[in-house]
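Asker: return atomic coordinates for the entry below.
(one chain, ligands or ions: 1)
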Amino acid sequence: MAGVELRQLHRRFGDVVALDGIDLEIESGEFVSFLGPSGCGKTTALRLVAGFDRPTSGRVFVEGKDITDVPPNRRDVGMVFQAYSLFPNMTAVKNVEFGLRVRKHARGSRKARALELLELVGLGHAADRYPHQLSGGMQQRVALARALAIEPRLLLLDEPLSALDAKVRIQLREEIRRIQTRLGITSIYVTHDQEEALSISDRVAVLSHGRIEQIGTPSEIYGAPATPFVAEFVGTMNRIESTVADPDDGRVTYDQTSLAVDAVRGRPRGERVLVLVRPEIVEVEAAGTAQNGLVGEVVSQTFLGSVTRLRVLAGPTEWTADLSAARAAALPIGARVSLRFPSAGAKVLSLEGEEPPEPSDG
Ligand code: ATP
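Answerer: Residues are numbered from 1 along each chain as shown. Here you go, the predicted model:
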């Protein structure tokens, strides 16, 4: 039985279509992220699951039970929000106890349970501190403990890390995942940060304009984007508009240059396609004078720590290639270079009948 099932969820606000028919089954114990740009409907979908809002049409099921008409306080859902939503006048332990108090648990048992949860999130030592005495990351840990204290069937997290600095964000997302796995609690995580979604989830649902563009494991979403939108939004991707030149041999034409792309084999000759190439498989070499193939000029270099990112103008497209710092050092801005990528490493999407995808904000 599915932990959560969304069936044909629609939500309109006047003329605005926030959700345009969401169908999704989440397994019991699964961790699923809703990923997409601002305004794509992520928060609306989460609010419908939490019960803070009602769908225009469609149904929400939790473990087989239709809860569409059940009020939020009877849904058995734990929530963690973006803003630190702790009660400022209560200590950490009192905050965690809150849900148990509302549910009329005995005083002694609820305190013991709250302390257990604070231990679980690594804050056993800070039980008597007030929110203003805790860092942002610690406050979100308390919020997580509070959401988990009621032993909800479902954990909903709405951009819970976006107010934290980068290092704490990574630490805490790993911790959320560890705790979620340990408790086996079905979870939905809303984020616009693709790295966060890919790193934390069993599956990622990429949303755009109130619809699910693609749902899959992080490696499916990253390695085989199903639409130009997903290819654009998830990770950095070279998107090379080309034409199928030789479907038998697997070749496309890009800017009067013939490129080998295995994935176009068997496609119609003359079809317009988007060839997708990740920066980590692009090879860049200093171009000899009689160089054939794809030749361009290095226009920028950005040091990213583990790799250096080169932008190379070759044809109408600015290509992105990630190289080791040592290799990049030999290819300064202005250098003439040749580009290659393994013919089996590129994915292909048809551009016939496609509108150009919108640029992402993340
Ligand atoms: P963000 O990441 O910016 O929070 P989101 O993906 O969570 O974006 P939603 O908040 O779900 O997006 O909004 C989806 C669409 O519905 C947007 O166009 C938004 O303006 C609209 N919308 C959401 N709530 C309301 C409301 N209460 N009244 C009117 N329009 C709304």
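Asker: quick check, pLDDT for the residue lying closest to L323 once chain neighbours are set aside.
Answerer: Of all residues not flanking L323 in the chain, T308 sits nearest, at 5.5 Å (C-beta to C-beta, 6 or more residues apart in numbering). In short, each C-beta sits where N, CA and C put it, glycine included. Note for T308: predicted pLDDT of 96.
Asker: T308 and A325 touch, don't they?
Answerer: Yes: between T308 and A325 a contact is recorded at 5.0 Å, counting by C-beta atoms under 8 Å.
Asker: ok, residues contacting the biggest helix by length in the chain?
Answerer: Ranked by number of residues, the top helix in the chain under DSSP state H is helix 166-183. Contacts of helix 166-183 with the rest of the structure, by C-beta atoms under 8 Å, 6 or more residues apart in numbering, involve 31, 120-122, 135-137, 140-141, 144, 148, 155, 157, 160-161, 164, 187, 189, 196, 199-200.
Asker: just the buried residues out of those residues, in PyMOL syntax.
Answerer: The buried subset of the contacts of helix 166-183, as determined by 16 or more other C-beta atoms under 10 Å, is captured in PyMOL by this line:
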select buried, resi 31+120+121+137+140+141+144+148+155+157+160+161+164+187+189+196+200
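Asker: what about the contacts of helix 166-183, which are in helices?
Answerer: Those of the contacts of helix 166-183 lying in helices (DSSP H): 120, 136-137, 140-141, 144, 148, 196, 199-200.
Asker: so which residues on the stretch 101-250 of the chain come close to the ligand?
Answerer: Applying C-beta under 6 Å from any ligand atom, one finds that the stretch 101-250 of the chain approaches the ligand through H192.
Asker: show me what counts as buried in stretch 258-270.
Answerer: Buried residues in stretch 258-270, defined by neighbour count with 16+ other C-beta under 10 Å: 258-261, 263-264, 267.
Asker: check stretch 269-279 too.
Answerer: Going by neighbour count (16+ other C-beta under 10 Å), the buried part of stretch 269-279 is 271, 273-279.
Asker: now for that stretch, what's the gap between its first and last residues?
Answerer: End-to-end span of stretch 269-279 (C-alpha to C-alpha, to the nearest Å): 27 Å.
Asker: coming back round to it: now the buried residues of stretch 269-279 in TSV, with distance to the ligand, pLDDT and secondary structure?
Answerer: Converted to TSV, the buried residues of stretch 269-279 look like this (distance: C-beta to the nearest ligand atom, whole Å; pLDDT from 0 to 100; DSSP: H, G, I helix; E, B strand; the rest coil):
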residue	distance to the ligand	pLDDT	secondary structure
E271	33	95	coil
V273	30	95	strand
L274	25	93	strand
V275	29	94	strand
L276	24	93	strand
V277	29	93	strand
R278	26	92	coil
P279	26	94	helix
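Asker: chain center to stretch 204-220, what's the gap?
Answerer: Relative to its chain's centre, stretch 204-220 lies at 8 Å (C-alpha atoms, centre = their mean, to the nearest Å).
Asker: swap that for stretch 154-164, sorry
Answerer: Mean C-alpha position of stretch 154-164 versus that of the full chain (C-alpha atoms, centre = their mean) differs by 13 Å.
Asker: endpoint to endpoint, it covers what distance?
Answerer: Stretch 154-164 end-to-end distance (C-alpha to C-alpha) = 24 Å.
Asker: now stretch 260-271
Answerer: Using C-alpha to C-alpha, first and last residues of stretch 260-271 are 15 Å apart.
Asker: could you list the residues in contact with that stretch?
Answerer: 242-252, 273, 275, 343-344, 346-348, 350-352.
Asker: now do the same contact list for I67.
Answerer: I67 touches 51, 60-61, 75, counting by C-beta under 8 Å, 6+ apart.
Asker: please narrow these to those residing in strands.
Answerer: Among the contacts of I67, the ones falling in strands (DSSP state E) are 60-61.
Asker: kindly reformat the contacts of I67 as JSON lines containing distance to D15.
Answerer: Below are the contacts of I67 laid out as JSON lines (distance: C-beta to C-beta, whole Å):
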{"residue": "G51", "distance to D15": "25"}
{"residue": "V60", "distance to D15": "24"}
{"residue": "F61", "distance to D15": "29"}
{"residue": "R75", "distance to D15": "29"}
